[in-house]
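Novice: Next come a sequence and a model predicted from it.
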Amino acid sequence: MKLSGFKVVTLTDAAADRVKQIIAKAERPIVGVRVGVKNGGCAGMSYTMEYAESVNPLDEVVEDKGVTVLIDPKAVLFLLGTEMDFQTTKMTSQFVFNNPNQTSACGCGESVAITPATPEHLQGAH
């Protein structure tokens with residue numbers, strides 16, 4: 001599912017800077033990071049990130065602020081319109097997903113409930 005001209009995910013400057021650092025420090029050559037979602041956790045789903053050594057044919061490729069983020073094709077409808085941020089607090093440094101499709105999150109912040117985008121959401125995406 002390719003959404004021409006529409007970025008499924010956008011990055012803040014902090015997130016782009018962190019992805020650049022990850023790519024620079026990777027032990028092997030990578031093209032970017034792959035973002036997805038998986039079932040699990042007390043709220044139902046959690047976000048996943050992994051090194052991407054290459055682009056899979058069905059990946060949604062997002063190029064924003066000089067970095068490449070690949071979206072797992074199974075996650076596109078769950079992540080549509082999401083802003084990816086990187087935040088540092090006294091206790092932790094982590095990527096944060098500001099997702100309009102997220103309906104709730106657990107108290108620990110590791111798990112979320114996400115409703116997939118509907119065809120009505122996609123009409124504005126073209």
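Specialist: Cool, got the structure.
Novice: Tell me which residue lies farthest from the centre of this structure.
Specialist: Within the chain, the residue lying farthest from the chain centre (C-alpha atoms, centre = their mean) is K90, at 23.6 Å.
Novice: Point out where the protein drops to low pLDDT.
Specialist: 1-6, 41-43, 104-126 (pLDDT under 70).
Novice: Next, name the residue at the spatial heart of the chain.
Specialist: The centre of the chain sits closest to V35, judged by C-alpha atoms, centre = their mean, with a distance of 4.4 Å.
Novice: and T12, how many neighbours does it have?
Specialist: 17 (other C-beta atoms under 10 Å). Yep, even glycine has a C-beta here, placed from its N, CA and C like the rest.
Novice: Moving C-terminal from the host helix or strand of the residue nearest to the centre of the chain, which element do we reach first?
Specialist: Per DSSP states H and E, V35 falls inside strand 32-39. Following strand 32-39 in sequence order, the next helix or strand is strand 45-52 (DSSP H and E).
Novice: On the C-terminal side of that next one, identify the next helix or strand.
Specialist: Sequence order places strand 60-64 as the next helix or strand after strand 45-52, per DSSP H and E.
Novice: Please list all residues in contact with K20.
Specialist: G66, V67 (C-beta atoms under 8 Å, 6 or more residues apart in numbering).
Novice: And it, how far from E53?
Specialist: 17 Å (C-beta to C-beta, to the nearest Å).
Novice: If anything else comes up later, I'll come back, but that's it for now.
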